[in-house]
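Visitor: Sharing a model prediction with you, sequence too.
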Amino acid sequence: KQWYQRRVAITAGIKVDNRVRTDIGFPVGFQDVITIDKTGEHFRMLFDVKGRFLIHRIKKEEAAYKLCVVKKLSTAAKGIPVLITHDGRTIRYPDPDCKVHDTIKLDIESGKILDHIKFEPGNLAYITGGQNCGRIGIITHKEKHPGSFDIVHVKDSVGHSFATRLSNVFPIGKGKQAWISLPRGKGVRLSIAEERDRKLAAKAKEM
């Protein structure tokens, strides 16, 4: 089985962020773009509403870029300003308007910043950690807690509000418009009763 997996990885031309990867154990993370050259398929790694990794199919145009959240702003040798992203990239001479916790739209092939999203109330965000991992909603406000974790309040598209740590919030769009295609359900977590009703309705349709 492992031999077959290696052969598929080598012959199918599998790319992660536009680089060919033949190691079947190569790690992929949130927002990474996976391309299979032989089939012409493109996927983006996201989270489902239960916090599990989800391989989301995307179009070729969308596979040309990825979103990266800014983790750190620093200065390299000779005073060159650099920006460090959540996936470990170091980008020189970023837009001075980019701050920590903002999101940049990165052209995968050139490695250049195309645009950026400010971390501010009113923008759409994806939750990437904690008990609300995988949920999507609009940032409503941020609470500062000196000496502890800052808390961000988010409201999803059906009006459910929840709170999470600042480090778990990943802006993905300006206003209500997402810059990436969203998985089925649009990041709305259903209650146990709602999930049961949906499954019963689906079974009733099949009968």
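Guide: Arrived safely. Residues are numbered from 1 along each chain as shown.
Visitor: just checking, next helix/strand downstream of the longest strand seen in the chain?
Guide: Ranked by residue count under DSSP state E, the longest strand found in the chain is strand 65-75. Once strand 65-75 ends, the next helix or strand along the chain (criterion: DSSP states H and E) is strand 81-85.
Visitor: if you average pLDDT over the helix or strand following that next one, what comes out?
Guide: Using DSSP H and E, the helix or strand that follows strand 81-85 in sequence is strand 90-92. On average, the pLDDT along strand 90-92 is 93.
Visitor: my read: N132 touches H160, true?
Guide: No. N132 is beyond contact range of H160, at 10.1 Å (criterion: CB atoms under 8 Å). C-beta: built from backbone N, CA, C; applies to glycine.
Visitor: Compare these two (neighbour count), which wins?
Guide: Counting neighbours by other CB atoms under 10 Å for N132 and for H160 shows that N132 has the greater number, 22 against 14.
Visitor: That one: what's it in contact with?
Guide: Listed by CB atoms under 8 Å, 6 or more residues apart in numbering, the contact set of N132 reads 154, 162, 164, 168, 189.
Visitor: Buried residues in the longest strand of the chain, which are they?
Guide: Neighbour counts over strand 65-75 (16 or more other CB atoms under 10 Å) mark 65-70 as buried.
Visitor: biggest helix in the protein by residues?
Guide: The residue-count maximum for a helix in the chain (DSSP state H) belongs to helix 192-206.
Visitor: How about residues contacting that one?
Guide: Applying CB under 8 Å, 6+ apart, the contact partners of helix 192-206 are L190.
Visitor: residue nearest the centroid of this protein?
Guide: Q31 (4.2 Å; CA atoms, centre = their mean).
Visitor: quick one, what contacts the nearest residue to that one once chain neighbours are set aside?
Guide: Using CB to CB, 6 or more residues apart in numbering and skipping the chain neighbours, the partner closest in space to Q31 is K66 (5.0 Å). Shown in contact with K66 (CB under 8 Å, 6+ apart): 17, 31-33, 44, 105-106, 108.
Visitor: For K60, state which of those is nearest.
Guide: V33 (10.6 Å; CB to CB).
Visitor: Which strand residues bridge that closest one?
Guide: Residues in a beta bridge with V33, per DSSP bridges, are R44.
Visitor: re the thing from before, pick out the most distant pair among the contacts of N132.
Guide: Top of the distance list for the contacts of N132 (CB to CB): N168 and R189, 14.4 Å.
Visitor: if we can go back for a sec, residues in contact with both of N132 and H160, list them for me.
Guide: Residues touching both N132 and H160 (CB under 8 Å, 6+ apart): R189.
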